[in-house]
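J.: 3D, please:
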Amino acid sequence: MKNTFLKSILILSTLFGYSQSSQLWKGYFSYNNIQDVSESVNNVYAASENAYFKKNLNTNEISTTSTVEGLSGQTITQIYHSEIYKKTFIGHVDGLIIIVNDADGAVLNVVDIINKQSVPPNKKKINHFMEYNGKIYIATDFGISLYDLNISAFGDTYFIGSGGSNIEILQTTLFNGFIYAVAKGYGILTANIANTNLIDFNQWIIFASGSWVSVEKTAIELSAINASNVLYKFVGNTPTIVTSLPQTYLDHRYNNGNLIVTTPNYVIIYDDNITETLRINNTSDLTTTFTSGTKIGNTIYIGTKEKGLISSSISNPSVFINSTPNGPEKNKIFSIKTFSTGIWAVYGDYSDEYNPYNPILSNRPISKYDGAQKAWITFPYTSLFDAKSISRILVNPNNENQVFFSSYYSGLLKFENSTPSAIFNTSNSSLQGIVGQAAPDIRVNGAAFDKEGNIWMTNSLVSKSLHVLKNNGQWQGYTISAIPNPLINSYGRIAIDKNGTKWIGTYRTGLIAFNEKYNNKSLEIDDVSGNLPSSDVRAVAVDNKNKLWIGTDSGLRILQNVDSFITQNSLTTNSIIILEGDLAQELLFQQSITDIVVDGANNKWIGTNSAGVFYISSDGQETFNIFTKENSPLPSNVINDIDINEVTGEVFIATENGMVSFKGTATKGAENLSNVVVYPNPVRPEYQGFIAVTGLMNKCNVKIADIEGNLVHEAISEGGTILWDTKAFGKYNVASGVYMVFVSSDDGTETKVKKVMIVR
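T.: Residues are numbered from 1 along each chain as shown. This is a model prediction of the structure:
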């Protein structure tokens, strides 16, 4: 993929000092799918797919750590807390290890394993941590690596396969002066822990041959589990059956006199003699799958696949308490939509070819974040009229208590006052199901309100590709003549311009324009006559100057004026040509674009399928910032959706691995000047960023002058915010002092005066 963008001006980097400051970012992660748990004297730790949290057992306070605090966003496999060194280790599927220091929360990314050139990239997974004598023994897919806690550096790596080859080590333990390692395909290997030459594979011998999956000690016994899910203990070198586990083994650990074995529906506690003392069942009213378990005092903490971290007491093991941080149902959010005080999120999806059977139809819930309550609400699938593969969200701009959800299998779902109220399908609307498919298979995707309050939506693989739910409750379907064969075409997003023209992204025929007010006129803009880089259009947006921005799976195009549809019978788009050095380049050349959002200042936020988020100027000639997982808290460079809260300017970004938001500065213009704010105020000597004036009406005139009336800055607002670099018309830094901010509306009927103090 080519990076072809102009100069990276990085305005946001100086806006508040650092563009990636955690003060500008928030994480909205799901902690429901627990990969592993760990413990200390006062805390229990639980790692989800790409973040973790800890619960203080004395105060019950729960704190989270995610990409916003410095985690990578990669898939977590293991978590371990060293009580002696007060550090938490997080292991990942790609070999990355992140170490978090308890004292100050400092995050250290340890990339030694990732950078091992001698190990294939797919053989670096972290499988287990074991601490002994100031070292962490790290079981990986290639061998055992040692991390020295005293000097915070890696030591030896043990390649203990045949001839010193790579071998998958699943788990290690220490018992009676010997280290034991489960080696996939070999059995259990052992060596004297005091041997200073364990880097030599010849020092390791086979202790027990066979297909073993786990090894763990108690205070007096050595235990192991084999691939047939039978728990053994060893009498000398002889394995003796303890019991057959009721299900597939998932986790096997020892903690404070207890051997703990976890299966999908059971956590089984054994004493030092490996005698069962307690069995916790996944009861019928707790529909979840266990993943791991540990014991602290008289409480059993259990990681689950669907419900986060739960706990029960030894005295009452059938009663569960949930300790999971509030969050969305899943991290893989497919689509989002903001409203004044929160955001909606859905998880249904389809493949790149618009196939909802991916591999099966999704029966997933809907989530809503209530910003006023700072809480997530989940609407289970069972309450959604069986609506499957919910892919898009539409909030009524005149009544945000009315929300519509596009189902790419079941039609259109309606919510009233946060309650599912109706499903529109072939029985009560003009929507059509795919002929020959199992009912209903009504593939509704992109949807948008027009200025009359009618809802327009696409309907894939049927004869009538476009439907409208009018504001009077009536339905109508349209056959679009510009689509040559609608029975084989699927549709993406839709945008409606000021003239009521519908601009529809398609999978096979580029961009379709349709307007029923002009005798059902329709046009096709394709990759031949229309100059699109591809016939697969994934994103479309009309900006504040009536330009149409078109994102395809191979690049970006602009239609200079949407009015051209009315007067012309064919339309051609243009690329944006920028200068990189002395070379002319095409903006976002060959990038697969997933979304385009226009902010209150008419700037564009563009999501891509592999390169993160591009934040560019209104005309595309300046690249303000490029956010990726490498330089920001984005957990993935695969962007599913972007939306901006018009009131706060907060930019929400849904990725493959979770959702984050960025404190944007471009807000929607206010209705009056009653809430104008200047910040920061005062501006202190150490501050190097911009001053923001917010709460403006659109096209306000803002003048800034010193106390003697000398003008130092003037701007016209686009949206609700303007920025000032504290320079006199961009030339030199203004002196310390009080500066007056004079604001007047476009027509001069409203004015406001504010003050800001600058200290150099």
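J.: In the protein, what helix or strand scores lowest on average pLDDT?
T.: Lowest by mean pLDDT, DSSP states H and E among the helices and strands of the chain is helix 11-15, with a mean of 39.
J.: helices or strands next to the helix or strand that comes right after that helix in the packing?
T.: As assigned by DSSP states H and E, the chain's next helix or strand after helix 11-15 is strand 25-28. Helices and strands touching strand 25-28, as assessed by 3 or more CB pairs under 8 Å, 6 or more residues apart in numbering; DSSP states H and E, comprise strand 658-663. Backbone N, C-alpha and C define where each C-beta goes, glycine included.
J.: just how off-centre is the strand it packs on within its chain?
T.: Relative to the chain's own centre, strand 658-663 is displaced by 8 Å; criterion: CA atoms, centre = their mean, to the nearest Å.
J.: all strands of the stretch 551-700 of the chain, in order?
T.: For the stretch 551-700 of the chain, applying DSSP state E, counting those that start in this stretch gives strands covering 555-559, 577-580, 583-586, 593-598, 604-608, 613-616, 623-627, 639-644, 650-655, 658-663, 677-679, 691-694.
J.: Could you give the number of residues near N363?
T.: Burial of N363 is recorded as 16 neighbouring residues (other CB atoms under 10 Å).
J.: Could you pull up the contacting residues of the residue nearest to it when sequence neighbours are not counted?
T.: Once flanking residues are discounted, N363 sits nearest to Y381: 4.6 Å by CB to CB, 6 or more residues apart in numbering. By CB atoms under 8 Å, 6 or more residues apart in numbering, the contact set of Y381 is 363-365, 387.
J.: what's Y381 sitting at in phi/psi?
T.: Dihedral pair for Y381: phi -60, psi -40, per degrees, to the nearest 10.
J.: mind starting the numbering at 176 from now?
T.: Yes, from this point I'll number from 176; that puts the last item at Y556.
J.: Relative to I301, how far out is the residue nearest to F264 when sequence neighbours are not counted?
T.: Leaving aside its sequence neighbours, F264 sits nearest to Y255 (CB to CB, 6+ apart; 4.7 Å). Y255 is 10 Å from I301, where distance means CB to CB, to the nearest Å.
J.: what is in contact with these two at once?
T.: Residues touching both Y255 and I301 (CB under 8 Å, 6+ apart) are G266.
J.: So these two - more neighbours on which side?
T.: Between Y255 and I301, counted using other CB under 10 Å, the more crowded position is I301 (25 against 22).
J.: what about the closest residue to the more buried one other than its chain neighbours, neighbour count?
T.: Closest residue in space to I301, ignoring its immediate chain neighbours: G266 at 2.8 Å, by CB to CB, 6+ apart. G266: 28 surrounding residues under other CB under 10 Å.
J.: Can you name the residues bridging to Y653?
T.: L641 (DSSP bridges).
J.: Tell me how many other residues surround it.
T.: Other residues near Y653 come to 18 when the count uses other CB under 10 Å.
J.: That one touches V637, doesn't it?
T.: No: between Y653 and V637 there is no contact under CB atoms under 8 Å: 11.4 Å.
J.: follow-up on the earlier one: how about the residue nearest to F264, what does it touch?
T.: Y255 sits next to 213, 263-264, 266, 304, 306, 311 when contact means CB under 8 Å, 6+ apart.
J.: quick one: which of these is nearest to I274?
T.: If you rank the contacts of Y255 by distance to I274 using CB to CB, F264 comes first, at 5.7 Å.
J.: what would the strands of the stretch 726-875 of the chain look like in a markdown table with mean neighbour count?
T.: Below are the strands of the stretch 726-875 of the chain laid out as a markdown table (neighbours: other CB atoms under 10 Å):
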| stretch | mean neighbour count |
| --- | --- |
| strand 730-734 | 24 |
| strand 752-755 | 15 |
| strand 758-761 | 14 |
| strand 768-773 | 23 |
| strand 779-783 | 25 |
| strand 788-791 | 24 |
| strand 798-802 | 21 |
| strand 814-819 | 23 |
| strand 825-830 | 26 |
| strand 833-838 | 24 |
| strand 852-854 | 14 |
| strand 866-869 | 22 |
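J.: Would you format those strands as JSON lines with distance to S419 included?
T.: Below are these laid out as JSON lines (distance: least, CB to CB, whole Å):
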{"stretch": "strand 730-734", "distance to S419": "59"}
{"stretch": "strand 752-755", "distance to S419": "65"}
{"stretch": "strand 758-761", "distance to S419": "64"}
{"stretch": "strand 768-773", "distance to S419": "49"}
{"stretch": "strand 779-783", "distance to S419": "50"}
{"stretch": "strand 788-791", "distance to S419": "51"}
{"stretch": "strand 798-802", "distance to S419": "51"}
{"stretch": "strand 814-819", "distance to S419": "44"}
{"stretch": "strand 825-830", "distance to S419": "42"}
{"stretch": "strand 833-838", "distance to S419": "39"}
{"stretch": "strand 852-854", "distance to S419": "65"}
{"stretch": "strand 866-869", "distance to S419": "66"}
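J.: and Y220, what are its bridge partners?
T.: Judged by DSSP bridges, the bridge partners of Y220 are S213, K229.
J.: coming back round to it: format the strands of the stretch 726-875 of the chain as a markdown table; extra columns: distance to S710 and mean pLDDT.
T.: Converted to a markdown table, the strands of the stretch 726-875 of the chain look like this (distance: least, CB to CB, whole Å; pLDDT from 0 to 100):
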| stretch | distance to S710 | mean pLDDT |
| --- | --- | --- |
| strand 730-734 | 12 | 98 |
| strand 752-755 | 22 | 86 |
| strand 758-761 | 18 | 91 |
| strand 768-773 | 14 | 97 |
| strand 779-783 | 19 | 97 |
| strand 788-791 | 23 | 95 |
| strand 798-802 | 27 | 90 |
| strand 814-819 | 22 | 98 |
| strand 825-830 | 26 | 96 |
| strand 833-838 | 30 | 93 |
| strand 852-854 | 47 | 86 |
| strand 866-869 | 42 | 86 |
